[in-house]
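Asks: Need the 3D shape of this:
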Amino acid sequence: MLRLGKEREVLGVVGDQLGGPTYAGDIACALIQIANQIIAGRENVFGVYHFSGQPYVSWYEFAEHIFTEALAQKLLEKRPHLNCITTSDYPTPAKRPANSCLNLDKIKNVFWNCTKRLAKSFEKSQGISLNVRMCFVQR
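Replies: Just a heads-up that it's a prediction; the model follows:
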């Protein structure tokens, strides 16, 4: 998105597909927390869990966040104009589901509410740094 934002003044971004953009540092932190609980002897926690960032947003809304943060971090000199388009306006060889939102109830109930708000993930990704020590603090 940043490259496209630098190259073009106007971008069409799909607004009818939803998902949960997830910062890689949040995934790592969640895995460390889960591993710590298993190492500490927590039983009956094995299984399949879904994890993603929240809130769920469209690609268009995600692009808005990206460009707002890019301007704040001075990664872009000016913001491109975003046009909200539909999936049918942006054909791709692979079909994309309109709703890629994951059900996070199981991971929240078994472990904790470990999802981060999108804005917080953007703050943490500033400068692409992560304070790994915070992952070891039980919440």
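Asks: how about stretch 34-51: buried residues?
Replies: 34, 37, 49, 51 (16 or more other Cβ atoms under 10 Å). C-beta here means a position set from N, CA and C on the backbone, and glycine is covered the same way.
Asks: quick one: which of the residues you listed is nearest residue 75?
Replies: Closest approach to residue 75 among the buried residues of stretch 34-51 (Cβ to Cβ): residue 51, at 27.2 Å.
Asks: if I pick the residue of the chain positioned farthest from its centre, what's in contact with it?
Replies: Here the centre of the chain is the reference, and by Cα atoms, centre = their mean the most remote residue is residue 41, at 30.2 Å. If you count contacts by Cβ atoms under 8 Å, 6 or more residues apart in numbering, residue 41 has none.
Asks: three-state assignment of it?
Replies: Secondary structure assignment for residue 41 (DSSP: H, G, I helix; E, B strand; the rest coil): coil.
Asks: Read off the pLDDT value for it.
Replies: If you check residue 41, the pLDDT there is 91.
Asks: Could you do the one 3 residues further on as well?
Replies: The per-residue pLDDT reported for residue 44 equals 84.
Asks: Against residue 110, how distant is it?
Replies: Separation of residue 44 from residue 110 (Cβ to Cβ, to the nearest Å): 9 Å.
Asks: before we move on, the earlier item: let me know the closest of the buried residues of stretch 34-51 to residue 7.
Replies: Within the buried residues of stretch 34-51, proximity to residue 7 (Cβ to Cβ) peaks at residue 51, which comes in at 33.0 Å.
Asks: I appreciate the help and will end here.
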